[in-house]
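**Q** Generate coordinates for the sequence data below:
(2 chains)
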Amino acid sequence: MAVHVAGPRLYKSIHFHHLVRKSGSTSGSKSSNISLNLVPFVDMMTILVCFLLMVFSSSGQLLQAQKGLELPVALSHDTLQEAPVIIVTRNEITYQGQSIITTELALKDDSASFKIDLLYERLEAAARKIKEDVGLGRKYDKKLLESCDKARNNIRPEPGKVCPDGLAILQADESTDARLINKIVNTAKAAGFDNLLFAVKSK
Amino acid sequence: MGAAVGTDSKGSVNVELNIVPFIDLMSCLTAFLLVTAVWVNIAQINIQPKGKSRDTSNVQEDTETVILSVLVQSDKIWVGLSRVNEFQDIPKLPSGEHDWDKFETTIKQHKTSAFFNDRADIEVAAESTVQSPVKYQDVIHAMDLAVKVGFVDVGLSDPAGLSARPQL
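**A** Numbering: from 1, shown residues only, chains lettered A, B, ... in the order given. Predicted coordinates:
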């Protein structure tokens, strides 16, 4: 590879003498000291940091963004809580990030049980594990376990503090056919998930 | 943060703050917050799957209580009362959208009635077929309006499992 003579360099070949003269240096017109005004930059950074701190939320990690998934819009502002997530995109149904079945196949399957068998197996195992954990009082926050006692006494839980036993999140695309939603809800109910949180985009 | 005092003459009182560490800190913080920022507010609608499914055909129906049932179809929405067997259909608007305002008014009227003024339960179902599909967004909208009106115990049911079903 041929070695070339160095090209133009900033300030050496491309002259910025007009800037230097305007920079207000004290040691004469030939001085090369240029003082950048950093105040607007610091102002902008401060405003940006304040804004980002205000919108900072630690609950956003509960749900994953996926291709082909546009959540429906609703007026609700109740916060989501941690629970197993069933995701229904335009193409497939996933549970905890693992693909279960395509939506096309799930809709075609018209079995008498009216549930999605592959999803049922996964959900039933998960429901049993959660029930066991709640029963032993492990893995979950004390307040959440208290909400389980309240649920047994038919006391309505606060949003975000629903008993984890039998609780799942359904994150489905807005254009999903309601038949598929019915099937998933029936499957979840049969597996032991009696309480479903439908994830929505807040208006 | 470093500071340089009086550089030019002995009597100078100019203090130059070294803002480089401050800018470094701000840059790191901005980068971190931009990465972790949540731009979409996600909320939830809490529902209880209820009604009869094909699995549970032997559910004993509570025939004493009047239940408000909503059936979302592709061309209309039915609002019905069990026991009373009173139904109201809300057809779609000429624009092709469901008449959500009328639906909200209807369930609001029911909420203020003697049957439901001290209750918060409602059943919602969607009847979707290959020929006339119902979108999930419409079901969510119906449930969302029910919650807004005061029916916070929303039960999602199979169309066949609704307590009050219109004769289709």
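**Q** which strands and helices sit next to the strand ranked longest in chain A?
**A** Assignment by DSSP state E gives strand A:195-202 as the longest strand of chain A. When contacts are defined as 3 or more CB pairs under 8 Å, 6 or more residues apart in numbering or on different chains; DSSP states H and E, strand A:195-202 sits against strand A:73-74, strand A:167-172, strand B:42-50, helix B:136-149. C-beta here means a position set from N, CA and C on the backbone, and glycine is covered the same way.
**Q** Which of the ones you listed has the lowest mean pLDDT?
**A** The weakest mean pLDDT among the helices and strands packed on strand A:195-202 belongs to strand B:42-50, with a mean of 81.
**Q** which helices and strands sit right next to that one?
**A** Checking 3+ CB pairs under 8 Å, 6+ apart, strand B:42-50 ends up next to helix A:178-191, strand A:195-202, helix B:136-149, strand B:153-157.
**Q** Adjacent strands (with direction) for the helix or strand just after that strand?
**A** Downstream of strand B:42-50, the first helix or strand assigned by DSSP states H and E is strand B:68-72. Neighbouring strands of strand B:68-72 in its sheet, by DSSP bridges, are strand B:76-81 (antiparallel), strand B:121-126 (parallel).
**Q** can you pull the buried residues of strand B:68-72?
**A** B:Leu68, B:Ser69, B:Val70, B:Leu71, B:Val72 (16 or more other CB atoms under 10 Å in any protein chain shown).
**Q** same thing with stretch B:125-133?
**A** B:Ala125, B:Ala126, B:Glu127, B:Ser128, B:Pro133.
**Q** And for stretch B:67-85?
**A** B:67-74, B:77-82.
**Q** residue contacts, the residue nearest the centre of chain B?
**A** Nearest to the mean C-alpha position of chain B, by CA atoms, centre = their mean, lies B:Asp144 at 4.0 Å. When contacts are counted by CB atoms under 8 Å, 6 or more residues apart in numbering or on different chains, B:Asp144 touches A:Ala74, A:Leu75, A:Ser76, A:Val200, B:Ile45.
**Q** Then A:Val49?
**A** A:Val49 neighbours (CB under 8 Å, 6+ apart): B:Met26, B:Leu29, B:Thr30, B:Leu33.
**Q** Drop anything exposed from these.
**A** B:Met26, B:Thr30, B:Leu33.
**Q** A helix includes the first one, no?
**A** Yes - counting by DSSP: H, G, I helix; E, B strand; the rest coil, B:Met26 is located in a helix.
**Q** number of nearby residues for A:Ser175?
**A** 13 (other CB atoms under 10 Å in any protein chain shown).
**Q** in stretch A:86-97, what counts as buried?
**A** A:Ile86, A:Ile87, A:Val88, A:Thr89, A:Glu92, A:Ile93, A:Thr94, A:Tyr95.
**Q** Closest one of those to A:Ala178?
**A** A:Val88 (11.4 Å; CB to CB).
**Q** The closest one and A:Lys183 touch, don't they?
**A** No - if you go by CB atoms under 8 Å, A:Val88 and A:Lys183 don't touch, sitting 10.1 Å apart.
**Q** picking that back up, which of the helices and strands packed on strand A:195-202 is buried the deepest?
**A** strand A:167-172 (a mean of 24; mean count of other CB atoms under 10 Å in any protein chain shown).
**Q** right, quick check: it against chain B, any contact?
**A** Yes - using CB under 8 Å from any CB of the partner chain as the criterion, contacts between strand A:167-172 and chain B involve A:Ile169, A:Ala172.
**Q** what angle separates that strand from strand B:153-157?
**A** 60 degrees (axes from the mean of the first three to the mean of the last three CA atoms, to 10 degrees).
**Q** now, which of the buried residues of stretch B:67-85 sits nearest chain A?
**A** B:Val72 (7.3 Å; CB to the nearest CB).
**Q** Now do the same contact list for the closest one.
**A** So B:Val72 contacts A:Ala178, B:His98, B:Val124, B:Ala125, B:Ala126, B:Glu127, B:Val134, B:Asp138, B:Val139, B:Ala142 (CB under 8 Å, 6+ apart).
**Q** Among the residues you listed, which pair sits farthest apart?
**A** Greatest spatial distance in the contacts of B:Val72: B:His98 and B:Ala125, 14.7 Å, computed using CB to CB.
**Q** Stretch B:148-161 close to chain A?
**A** Yes - using CB under 8 Å from any CB, stretch B:148-161 reaches chain A at B:Lys148, B:Val152, B:Leu156, B:Asp158, B:Pro159.
**Q** Could you find the closest non-adjacent residue to the first one?
**A** It refers to B:Lys148. A:Leu75 (5.8 Å; CB to CB, 6 or more residues apart in numbering or on different chains).
**Q** same deal with the third one?
**A** Distances taken as CB to CB, 6+ apart place B:Ile47 nearest to B:Leu156, at 4.7 Å, with adjacent residues excluded.
**Q** From what I see, that neighbour and B:Gly155 are in contact.
**A** Yes - using CB under 8 Å, B:Ile47 makes contact with B:Gly155 at a distance of 6.7 Å.
**Q** what residues do the two have in common as contacts?
**A** B:Val124.
**Q** Tell me the first helix or strand C-terminal of the longest helix along chain A.
**A** Longest among the helix segments of chain A by residue count, using DSSP state H, is helix A:117-136. Downstream of helix A:117-136, the first helix or strand assigned by DSSP H and E is helix A:142-152.
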